[in-house]
Structure formats: structure tokens, C-alpha cells
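S.K.: Below are the sequence and a predicted model for it; my questions follow.
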Amino acid sequence: MTQLPARPWNGLTVLDLCCGAGGLSMGYYLAGFNVVGVDLHPMPNYPFEFHQADALEYLAAITESGEIEKYALSHASWPCQGKARVTDWRGSRADHPDLITPGKELQQASGRPWVIENVPEAAWDGTLRPDYILCGSQFGLRVRRHRVFETSWGGGGELLPPCWHPTGRNKLMAFEHKDERAYADAMGCTWMNKTEARQAVPPAYTEWIGRQFLALHSAAPAA
Ligand SMILES: [Zn+2]
């Protein structure tokens, strides 16, 4: 278990579906949320409360039971490796059907605000509306890892600096197997092992999105 960084608690909880080793969970945590994660695979290094389960089934069950009401927001990184240019490292593409469409339907039906994260390719064919397109360079991270986010509130919020990919000495790091540890650390995923970090997303992205959610929903922090 990693030593969690200190952060102010805002009294709200995020449900992170298909949470992996917790890169985006950590972002919400840093924005002040409690986080509960769900993933089909065991995640021994996940730093928050964790449930090993099929995320679609889990969300359907807690929507049915009413437990969903304890969450301010659901976040999901539904698998869609079929869309990614990078071949999945954990098996064949056929093992990973596109779950974005059924997942989004369930999140909409849950009645709670939601966020879906995916690779940029998921926006090219209209599967996701790119409410936010984020890059490490916008947060001062030296990594190239673009991700799109569709949100129930349609985006908006504070302006970020544009994505910028300098050349030469200040070049951003692209993922490569020979330097996976350095890449994981540059993303801010220091608690993960190298394998976990391959599919991780920098916490900075959801730390920022969590803050936009709070600002746009006037969700008053607990006293
Ligand atoms: Zn970029």
C-alpha cells in the first residue's frame, strides 16, 4: 500500500469503474474525494477501497439497490482496446469487447453525474463526445498520453494551456518498454508496478476534472 498524499476531504465519494491500479482514482482523491474502485482483475496495489467485480454488473446492482446514491459521481474507463492503435498487452482484442456503449447507458440510468475516459480513437468515430481532451503537457508532465473524457455535464470549466509537444532536450516522454519505470513516475503513478502503469492515466487529469465537476455543480464542500 502506498503512502497516500495528504489532501483536503470534500465530503463526496467517486465510484471508479474499471479502475485498474488507480491512476485516475488518485486524481479524484487529490481533488478531495473519497474513492471506491471496481475492477474485474485483482489490483493488489490499488490504494483505496476496492471491489473485484464485473463493473457493468456492479453498477447495475447498486443502481437497483439504491446504493448508488452514496456516490456524487461515477467514473468509468470502460475497456475498448479494439479502438486503440496499441495492441492490448493482456490478451487478444476479442477478449475485450467494446463496453463503452452499454456502460454509458448504465451510467446515464444511474441518475448520478458521470465521467467516461478513453483513448482519443474513441472520439474519432463518435463513440465518445470529447468534452475534454487532455495531455500531460497541459499539467507540466513530461509525458505524451492523450485521453478523451465525456461527461454528463458536457465539459466546460477553466481554460487549460494548450497541448504542447516540444522537440529536442525538452521532448515529452512517449511510452517505451525500455524505460517503463521512468514513464510511470513521470505520469505521477509512482505506487504502481511497471505492468500496471502501462494502461494507467496520469492522476493530474482527474484531479483537474474533479475540480471542474465541483465548480460546475456548486457542490459545496462539507464543513
Ligand atoms: Zn499533447
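M.R.: Received it, and whenever you're ready, just let me know what you need.
S.K.: Surely residue 56 touches residue 104?
M.R.: No - in this structure, residue 56 sits apart from residue 104 without contact. The criterion is C-beta atoms under 8 Å, and the distance is 10.9 Å. Every C-beta, even on glycine, is put in place using the N, C-alpha and C of the backbone.
S.K.: and residue 37, what element?
M.R.: Element membership of residue 37 [criterion: DSSP states H and E] is strand 34-39.
S.K.: Let me see the mean pLDDT of that strand.
M.R.: Per-residue pLDDT values across strand 34-39 average out to 98.
S.K.: cool, and stretch 124-132?
M.R.: Per-residue pLDDT over stretch 124-132 has a mean of 94.
S.K.: ok, and for that stretch, which residues are buried?
M.R.: Within stretch 124-132, the residues that qualify as buried by neighbour count (16 or more other C-beta atoms under 10 Å) are 127-128, 130-132.
S.K.: With stretch 140-152 instead?
M.R.: With burial defined by 16+ other C-beta under 10 Å, the residues of stretch 140-152 counted as buried are 141, 143-145, 147-152.
S.K.: re earlier: which strands and helices sit next to the helix or strand following the strand holding residue 37?
M.R.: Once the chain leaves strand 34-39, the next helix or strand it forms, by DSSP H and E, is strand 49-52. Applying 3 or more C-beta pairs under 8 Å, 6 or more residues apart in numbering; DSSP states H and E, we find strand 49-52 packed against strand 34-39.
S.K.: For the strand it packs on, give me every contacting residue.
M.R.: Contacts to strand 34-39, defined as C-beta atoms under 8 Å, 6 or more residues apart in numbering, come from residues 9, 12-20, 22, 25-26, 28-29, 43, 46, 48-53, 55, 58-59, 71.
S.K.: Among those residues, which are located in strands?
M.R.: Restricting the contacts of strand 34-39 to those inside strands, with DSSP state E as the criterion, leaves 13-17, 49-52.
S.K.: Got a quick ChimeraX command for the buried subset of those residues?
M.R.: To isolate the buried subset of these in ChimeraX, counting by 16+ other C-beta under 10 Å, use the following:
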select :14,15,16,17,50
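S.K.: Closest one to the ion out of the ones in strands among the contacts of strand 34-39, please.
M.R.: residue 16 (23.7 Å; C-beta to the ion).
S.K.: What segments of the chain are helices?
M.R.: Per DSSP state H, the chain carries helices over the ranges 23-30, 55-65, 100-109, 121-124, 180-187, 194-197, 203-216.
S.K.: Need the residues that contact the second one.
M.R.: Outside helix 55-65, the residues that touch it by C-beta under 8 Å, 6+ apart are 15, 17-18, 38-40, 51, 68, 74, 76, 78, 99, 102-103, 106-107, 109-111.
S.K.: how far is stretch 180-192 from where the chain is centred?
M.R.: Using C-alpha atoms, centre = their mean, to the nearest Å, the mean C-alpha position of stretch 180-192 is found 15 Å from that of the whole chain.
S.K.: List the buried residues in it.
M.R.: Residues of stretch 180-192 classed as buried: 183-184, 186-189, 191-192 (neighbour count, 16+ other C-beta under 10 Å).
S.K.: List the contacts of residue 192.
M.R.: With contacts defined as C-beta under 8 Å, 6+ apart, residue 192 is in contact with 21-23, 45, 184, 200.
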